[in-house]
Each structure stands twice: as structure tokens, then as C-alpha cells.
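1. How does the following fold in three dimensions:
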Amino acid sequence: MKWAELEPSPDMVAALDAAGERPFDGTRADKNNWSNRFADACAVMVAKSVARHPVWSKFEVRPNPDGSGRESLTFVAGGDQKRVDVIASTLATGLQLGVSLKGMNFRDATSGNFDKNLTGRTYELQAEVSAIHGYQPQAFLVGLFFLPLASTQDKKSGASSFARAVAHLRARTGRLDPTLPSQLARCDAAAIALYVPGDPEDEAQRGAVRFLDVHDAPPHRGRPRVETTLTLGKVVDRWAVQRYEAAGKSIDYVAPEDD
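-> Here you go, the predicted structure:
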């Protein structure tokens, strides 16, 4: 299957609709406002998938499908307030899953690339992860970056913005030991969401979206093959497996002796 053959995701179409018309020629404030609306809508999309999963569904997942419940997404850690876009938690167990969404949704006006703010977005993510891990070291925290599909082909040489974002996040993902202070700023998992915003340059249908775990290999430049990417449901399933194994609870069973 090719990207051009992908059916749009209804939830991604809804997120794009909620964000409104993309301000290509707008001010920085216009683009920031669009990105904030888009992130809020994407958080609802991710939370819906998390809430449907058999592992995470036993927890309280926020935000709610109607976008409410965001008041429970802000944590006070080390005197700072840090907001997580999607959470699965209970009052008794605390934060079990936290997903922080970051977006690089527009080309830089000078370079035409999408990764101008990659370092800044990464610093934001690390500050959130470090503060929350310092308060709840066992929490499983995920970084999820959203990039338009055009970010895979935005450079004539070197790694595309998409490939660079994968490498950037991979280097900051995975904790050897959650009790080590040196590991607090590292995500437990990370992924890139490649979506089609419906720009004139797009060669796929508006609302198509696929995900790449940062530990999977991206092309240096160009669109990844669809079969090497994941649906949102499969990404959420990976988080559940990784969280389960990280807690040291994974076990395989064999058939017992016949009676």
C-alpha cells in the first residue's frame, strides 16, 4: 500500500477540523494558536485510543472524548506546574501513563524545513519528563511528535526533518533504571505521528496518519513505506507492552503436565 491509498482517519480529520484553516501566511501567533488547537484535538484522539485498550482502560483516562477533564492534566512537581496532554491514572496508583504531544506543523519561512524548532520542542519535553519522573519515578512517560507528511521530503540533502526528529527522540528515550537521577529526563517511549493536513503539496488524502516508533528505522529522506509504520492503536499497544515489561511483570506461560 502507498500513502496515496491510505484512507483518512476520522479522528484525525476531526482534529484538523477543530484546529480550523491552516494559516500558511499568518503570523507566528496565528500558527501557534492553530497548533495549540490542533494539539488539544489530537490529545482527545490519543486519549480515546488509550481508553479503548484493555490494559489502560482500567485507569481513568483524560481528556474525555468531549475534551473535558483537562483540569487533571497539570502536575505540581518540584514547585513547577507541568501539563501532560494525555494521562491514565488512579488516585491510588498515581500516574501510570503520560503522553506529551509536541508539533512542528509549519515550514520555516526561510529554510522551508519543518525542524527549526526541534531543539526547543525537545527541551520542553525533557523539562516535563524530568519534573514528573522526579515526583513519580515509576510513571511511564511518552513523547509524541506530530509532523506533516511533507517533513519527510523537505530537504535536498542530509536527513529530512522527519528522520532528524526520529534520531533526536531516540537518543533521549529509554531508561536503564527508573531510580537513577541521570535517567529522569529520558522518555520511556517516543513516536512520530506523520499526518496529512491537506496542503496543496500533499500527495495523500487529508486526515491520513501513521506512526513510527523512534526505535524503528526511518528513511534518510522520503516517505516511509506504509507497512513499516503503525496505526495509533498499535502504538498504544506497544506502550502497554513496554510498560508491562519495564515493571518486571512480563512472564510467559507453558502448558502444564497432563492430569
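
2. Helix, strand, or coil at the closest residue to residue 183 other than its chain neighbours?
-> Using C-beta to C-beta, 6 or more residues apart in numbering and skipping residues adjacent in sequence, the residue nearest residue 183 is residue 175, 4.2 Å away. C-beta coordinates here come from the backbone N, C-alpha and C atoms, glycine included. Using DSSP: H, G, I helix; E, B strand; the rest coil, the structure places residue 175 in coil.

3. does residue 175 really touch residue 190, like I thought?
-> No: with contact defined as C-beta atoms under 8 Å, residue 175 does not count as touching residue 190 (11.9 Å).

4. who's more crowded, the two?
-> Looking at residue 175 and residue 190 with other C-beta atoms under 10 Å, you find the greater number of neighbours at residue 190, namely 26 against 20.

5. does the more buried one sit in a helix, a strand or a coil?
-> Assigned with three-state DSSP, residue 190 falls in the strand class.

6. do you know how far residue 220 is from residue 85?
-> 30 Å (C-beta to C-beta, to the nearest Å).

7. So for those two, which sits in the more crowded spot?
-> For residue 220 versus residue 85, neighbours defined as other C-beta under 10 Å are more numerous around residue 85 (23 against 14).

8. Next, the contact list for that one, please.
-> Shown in contact with residue 85 (C-beta atoms under 8 Å, 6 or more residues apart in numbering): 39, 42-43, 46, 73, 99-101.

9. please redo it, this time with the cut-off set to 7 Å
-> Residues in contact with residue 85 (C-beta atoms under 7 Å, 6 or more residues apart in numbering) are 39, 43, 73, 99-101.

10. The residues you listed in strands, which ones?
-> Among those, DSSP state E puts 99-101 in strands.

11. Is it possible to get JSON lines of those that adds distance to residue 120 and pLDDT?
-> Compiled in JSON lines, the ones in strands among the contacts of residue 85 are given as follows (distance: C-beta to C-beta, whole Å; pLDDT from 0 to 100):
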{"residue": "99", "distance to residue 120": "19", "pLDDT": "96"}
{"residue": "100", "distance to residue 120": "14", "pLDDT": "95"}
{"residue": "101", "distance to residue 120": "15", "pLDDT": "96"}
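
12. those helices in the chain, which residues are they?
-> 10-19, 28-52, 118-135, 161-170, 232-246 (DSSP state H).

13. of all the ones you listed, which lies closest to residue 146?
-> Closest approach to residue 146 among the helices of the chain (C-beta to C-beta): helix 28-52, 6.3 Å.

14. quick one: the closest one to chain centroid distance?
-> The chain centroid and the centroid of helix 28-52 are separated by 11 Å under C-alpha atoms, centre = their mean, to the nearest Å.

15. Then stretch 66-77?
-> Here the centre of stretch 66-77 is set off from its chain's centre by 17 Å, with C-alpha atoms, centre = their mean.

16. Quick one: low-confidence residue ranges for the stretch 151-259 of the chain.
-> 245-253 (pLDDT under 70).

17. what sits against residue 40?
-> For residue 40, the contacting residues are residue 67, by C-beta under 7 Å, 6+ apart.

18. Now for residue 5, how many residues are close by?
-> Residue 5 has 10 neighbours, counted by other C-beta under 10 Å.

19. what does residue 12 give?
-> If you count neighbours by other C-beta under 10 Å, residue 12 ends up with 22.

20. In CSV: the helices of the chain, plus distance to residue 181.
-> Formatted as CSV, the helices of the chain follow (distance: least, C-beta to C-beta, whole Å):
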stretch, distance to residue 181
helix 10-19, 37
helix 28-52, 29
helix 118-135, 8
helix 161-170, 21
helix 232-246, 18
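
21. Quick check: which of these is nearest to residue 107?
-> For the helices of the chain, proximity to residue 107 was assessed by C-beta to C-beta; helix 161-170 is nearest, at 9.0 Å.

22. related to what we said a few turns ago, so the residue nearest to residue 183 sits against residue 187, correct?
-> No: using C-beta atoms under 7 Å, residue 175 is not in contact with residue 187; the gap is 8.3 Å.

23. wait, what's in contact with the residue nearest the centre of the chain?
-> Nearest to the mean C-alpha position of the chain, counting by C-alpha atoms, centre = their mean, stands residue 144 at 1.6 Å. For residue 144, the contact set (C-beta under 7 Å, 6+ apart) comprises 46, 99-101, 191, 193.
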